[in-house]
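Engineer: Generate a structure from the sequence data that follows.
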Amino acid sequence: MSWLGRFGCVAAGYAVFQFLFGVLPDSIDGEPAKYLISGLSGFATVGMTWLAAALLRARTAGPAPLTAPAPLAPNAPGPLPQVFTSAYDTLAAQVAVVDDPVRGRLVGWPHSLQELDGPVRPTSLATAYGLHIVLDLGVADGRLHTGDLIDTLWRLRLQGGGWSARSQGSVARPEVTAMVLGALARAGASRERLADEVARCEAGFTRELDGTGRALTHVVTTVMRGLLRAAPDAPTIPVLRGALVDGAFSDPQRQHRRCWSHRLSPLPWVGHPAQPSALHTAQAVVALDRAAVVLGEGPVERSAREDGVRWLLSCPATGHDNCADLANLREEVRRRHPDDSSHHEVLNVRHFTASWIVRALLTPGAQEIARQDGVEDTWRELLNGAATAVWAAQTDGIWSWSRDGSGFTTTEEMRQPIWMTYQGLSALRAHAVWMYQPDTRTSPV
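Structural biologist: Residues are numbered from 1 along each chain as shown. Here you go, the predicted model:
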């Protein structure tokens with residue numbers, strides 16, 4: 001019927017014409033003059049009526065109807081909830097349950113989700129990361145029980161207290177102990193039970209007893225993050241923060257902003273200067289930001305943290321989903337063997353760099369600096385690029401290790417390390433929370 005409305009203007013004009021022709025007096029000069037006057041008035045009415053109708057339609061027209069989003073292609077990645085569900089299903093399917101004659105029933109995971117050599121046995125570090133994942137995703141059903149994982153971590157504690165990685169033997173190491181304590185604290189372990197282990201961790205993490213660990217950015221920041229969760233009032237935290245701040249150095253390639261290398265102090269016998277590292281700078285920024293929330297910060301600590309953020313924001317690359325700053329790295333933590341000083345205990349550490357960049361750029365301090373400096377577009381571009389790289393490394397919610405984007409070698413030890421899945425899920429979850437925009441077009445019922 002909309003086409004019929006188009007004749008309304010003509011009908012109004014014809015009505016005016018008929019009315020005027022009938023009421024005009026005969027004194028007007030002849031019948032042709034009456035036709036002329038009535039006709040002009042009719043045409044004017046047609047035009048005015050059409051314009052009024054057009055204006056009314058323009059004012060009352062609502063917004064264009066919303067179209068449904070196009071369906072995803074069959075081979076497109078699933079939405080984030082599907083990734084979370086797939087990760088949970090995989091962890092539930094591959095959890096290891098072992099009845100140890102000494103330690104009792106152990107429930108957890110080995111270092112890799114695809115360990116094929118030898119019996120699958122839970123380790124303290126992998127189970128701590130698995131506990132973090134379960135806490136992040138929420139316990140959807142009874143296949144994974146946080147109580148079982150908590151009990152396992154306490155049962156895996158070394159005889160003298162503390163925890164160590166599988167390759168580190170029977171001596172507790174601060175970075176592993178702090179990681180486990182952080183997971184236990186997050187899961188709700190009692191402060192009294194944690195306090196004894198925190199004290200042991202602090203006592204062993206001194207320059208005299210662990211000079212190697214105190215010189216490494218990765219170890220210091222790991223201990224800081226764990227203790228900030230397990231014992232935020234630990235006296236060691238301000239000391240470690242001071243060492244971290246002192247370990248920053250100026251990079252002339254990026255406006256002389258301060259950044260971090262893998263070491264907080266250069267080796268005395270090495271002549272070349274420290275090399276800037278986006279990974280270790282991101283780890284330092286995360287640790288300093290969390291410490292600032294708990295302890296507050298002075299101008300020295302704030303300046304170092306802000307310089308680290310600005311260094312990350314000054315990445316010179318044009319594409320930020322595969323730039324050099326996102327390259328995965330490895331490093332070795334070499335300590336003298338506790339029972340034989342002529343040998344070394346070696347811990348191979350792999351770093352999922354893109355996930356650390358996401359976490360560093362999503363700290364409240366980083367977002368505030370981007371606003372202050374007027375570089376929010378740059379900050380958003382770098383953040384989205386890093387998140388894209390994180391997403392690209394997973395398949396069905398499980399992340400696979402690859403150094404510098406290359407494929408695996410025949411000697412690759414950890415193809416699907418559980419720590420990488422935790423870091424990938426954690427980074428994507430934080431990014432999704434930041435991206436969330438509520439639909440304000442409709443009011444709640």
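Engineer: Quick one: low-confidence residue ranges for the stretch 51-200 of the chain.
Structural biologist: Confidence mapping of the stretch 51-200 of the chain against pLDDT under 70 gives the ranges 51-78, 115-119.
Engineer: Could you name the specific helix or strand carrying residue 421?
Structural biologist: Assessed by DSSP states H and E, residue 421 sits inside helix 418-435.
Engineer: same thing with residue 98?
Structural biologist: Per DSSP H and E, residue 98 falls inside strand 96-100.
Engineer: what do you get for residue 289?
Structural biologist: For residue 289, the host element (DSSP H and E) is helix 278-295.
Engineer: go on, residue 132?
Structural biologist: Here residue 132 sits within helix 124-137, counting by DSSP H and E.
Engineer: Also compute the angle for that helix relative to helix 418-435, please.
Structural biologist: Per axes from the mean of the first three to the mean of the last three Cα atoms, to 10 degrees, the angle that helix 124-137 makes with helix 418-435 is 20 degrees.
Engineer: For helix 124-137, list the C-alpha coordinates in CSV.
Structural biologist: Provided in CSV are the C-alpha atoms of helix 124-137 (Å, rounded to 0.1, in the frame of the first residue of the first chain):
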residue,chain,number,x,y,z
SER,A,124,54.9,-29.7,41.4
LEU,A,125,55.4,-26.9,38.8
ALA,A,126,53.1,-28.4,36.2
THR,A,127,50.4,-29.1,38.8
ALA,A,128,50.6,-25.5,40.1
TYR,A,129,50.1,-24.2,36.6
GLY,A,130,47.2,-26.6,36.1
LEU,A,131,45.7,-25.3,39.4
HIS,A,132,45.9,-21.8,38.0
ILE,A,133,44.1,-22.9,34.9
VAL,A,134,41.3,-24.5,36.8
LEU,A,135,40.9,-21.4,38.9
ASP,A,136,40.8,-19.2,35.8
LEU,A,137,38.2,-21.4,34.0
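Engineer: Identify all contacting residues around that helix.
Structural biologist: 84, 87-88, 91, 95, 107-111, 144, 146, 149-150, 152-153, 156-157, 163-166, 176, 179-180, 182-184, 186-187, 418-419, 421-422, 425-426, 429 (Cβ atoms under 8 Å, 6 or more residues apart in numbering). Using the backbone N, CA and C atoms, a C-beta is placed for each residue, glycine as well.
Engineer: Kindly recompute the last result at 6 Å.
Structural biologist: Helix 124-137 has contacts (Cβ atoms under 6 Å, 6 or more residues apart in numbering) with 84, 88, 108-111, 144, 146, 149, 152-153, 156, 163, 165, 176, 179-180, 183, 186-187, 418-419, 422, 425.
Engineer: So which of those sit within helices?
Structural biologist: Mapping those onto helices (DSSP state H) picks out 84, 88, 146, 149, 152-153, 176, 179-180, 183, 186-187, 418-419, 422, 425.
Engineer: returning to that earlier point: identify all contacting residues around the helix holding residue 289.
Structural biologist: So helix 278-295 is contacted by 217, 221, 224-225, 228, 232, 241, 244, 259-260, 262, 305, 308-309, 311, 325, 329, 351, 353, 356-357, 359-360, 363, 365 (Cβ under 6 Å, 6+ apart).
Engineer: Now a ChimeraX select for only the buried ones of the contacts of helix 124-137.
Structural biologist: Buried subset of these, written as a ChimeraX selection, criterion 16 or more other Cβ atoms under 10 Å:
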select :84,88,108,109,110,111,144,149,152,153,156,163,165,176,179,180,183,186,187,418,419,422,425
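Engineer: and residue 335, how far is that from residue 419?
Structural biologist: 20 Å (Cβ to Cβ, to the nearest Å).
Engineer: right, I mislabeled it, should have said residue 201
Structural biologist: Taking Cβ to Cβ, one finds residue 201 at 19 Å from residue 419.
Engineer: ok so, going back, what is the rounded mean pLDDT of the helix holding residue 289?
Structural biologist: Averaged across helix 278-295, pLDDT comes to 97.
Engineer: cool, and stretch 241-250?
Structural biologist: 97.
Engineer: May I have the distance across it, first residue to last?
Structural biologist: One end of stretch 241-250 sits 18 Å from the other (Cα to Cα, to the nearest Å).
Engineer: Where does the prediction get shaky in the stretch 201-350 of the chain?
Structural biologist: By pLDDT under 70, the low-scoring segments of the stretch 201-350 of the chain are 267-272, 339-342.
Engineer: quick one, strands of it?
Structural biologist: Along the stretch 201-350 of the chain, counting by DSSP state E, counting those that start in this stretch, strands occupy 249-251, 257-259, 329-336, 344-351.
Engineer: surely residue 400 meets residue 416?
Structural biologist: Yes - Residue 400 is in contact with residue 416 according to Cβ atoms under 6 Å; the separation is 5.4 Å.
Engineer: ok, back up a step: narrow the contacts of helix 278-295 to those that are buried.
Structural biologist: The neighbour count (16+ other Cβ under 10 Å) marks 217, 221, 224-225, 228, 241, 244, 259-260, 262, 305, 308-309, 311, 325, 329, 351, 353, 356-357, 359-360, 363, 365 as buried among those.
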